[in-house]
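Asks: What follows is a protein structure lacking sequence information:
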């Protein structure tokens, strides 16, 4: 399982895009990158995952660099309800989710 | 589609008492996970089941923690006897298969050991 590194905290203005970075320089060629978030007092929630190509769903976009050493989760129009801890995880072939400290995103009005 | 159900949502016990948590995964999900989340930290995997068999229990403190998934559907996690440091949120998650698959989490059980 590749180690991931994220900034401990970020702020974002409501309505603006939130760009959350993640470094995973030791990721192997067939390891996916997963993003989960955890809103206060709730269980973690799956957001998106990707391997090589950029991905988009109804919640977010995931941009993965060509060398796959880093990625960025983009919330295009952040709302107050997006305030949460965001986890970037590379579970590897075991699928085991190893949660780090994540990035605490504070969306401000 | 119903999500992962957990009960109770909150539990307060005294140290050395025993406690049990229950989890019902999403229908059809073969893999079930129990996580422990201590305040201020990310969740930590305690045990993973594939159907009714244990896949990974390397992080489970087996002297006091036990878990079972007898019929391959719902699961219970027990702590006996509880210690102060067991105060945490216990999260259950499920996925269609083992790896790599999206995991869906329940709301968790918040345990306070006094």
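Replies: That came through, no problem. This one's a predicted model, so the numbers in the text were calculated from it and none came from an experiment. Numbering: from 1, shown residues only, chains lettered A, B, ... in the order given.

Asks: for residue B:92, helix, strand, or coil?
Replies: strand (DSSP: H, G, I helix; E, B strand; the rest coil).

Asks: Pretty sure it sits against residue B:6.
Replies: Yes. If you go by C-beta atoms under 8 Å, residue B:92 and residue B:6 touch, sitting 5.2 Å apart. Bear in mind the C-beta positions are built from the backbone N, C-alpha and C, glycine included.

Asks: Show me whatever sits in contact with both of those two.
Replies: With contacts taken as C-beta atoms under 8 Å, 6 or more residues apart in numbering or on different chains, residue B:92 and residue B:6 have B:21, B:23, B:106, B:108 as neighbours in common.

Asks: list the contacts for the third one?
Replies: Just to be clear, that refers to residue B:106. Under the criterion of C-beta under 8 Å, 6+ apart, the contact partners of residue B:106 comprise A:43, B:3, B:4, B:5, B:6, B:23, B:91, B:92, B:93.

Asks: Around chain A, which positions in chain B sit nearby?
Replies: Taking C-beta under 8 Å from any C-beta of the partner chain as the measure of proximity, chain B contacts chain A at B:4, B:41-45, B:48, B:56, B:91, B:93, B:95, B:98-108.

Asks: the helices in chain A, which residues?
Replies: With DSSP state H, there are no helices along chain A.

Asks: Quick one: name the residues of it near chain B.
Replies: Residues of chain A that fall close to chain B, judged by C-beta under 8 Å from any C-beta: A:32, A:34, A:42-46, A:49, A:85, A:87, A:91-102.

Asks: Name the nearest residue to residue A:50, ignoring sequence neighbours.
Replies: Leaving aside its chain neighbours, residue A:50 sits nearest to residue A:62 (4.7 Å; criterion: C-beta to C-beta, 6 or more residues apart in numbering or on different chains).

Asks: count of neighbours near the one you found?
Replies: Here the number of neighbours of residue A:62 (other C-beta atoms under 10 Å in any protein chain shown) works out to 22.

Asks: so what's it bridging to?
Replies: Residue A:62 forms beta bridges with residue A:55, residue A:73, as assigned by DSSP bridges.
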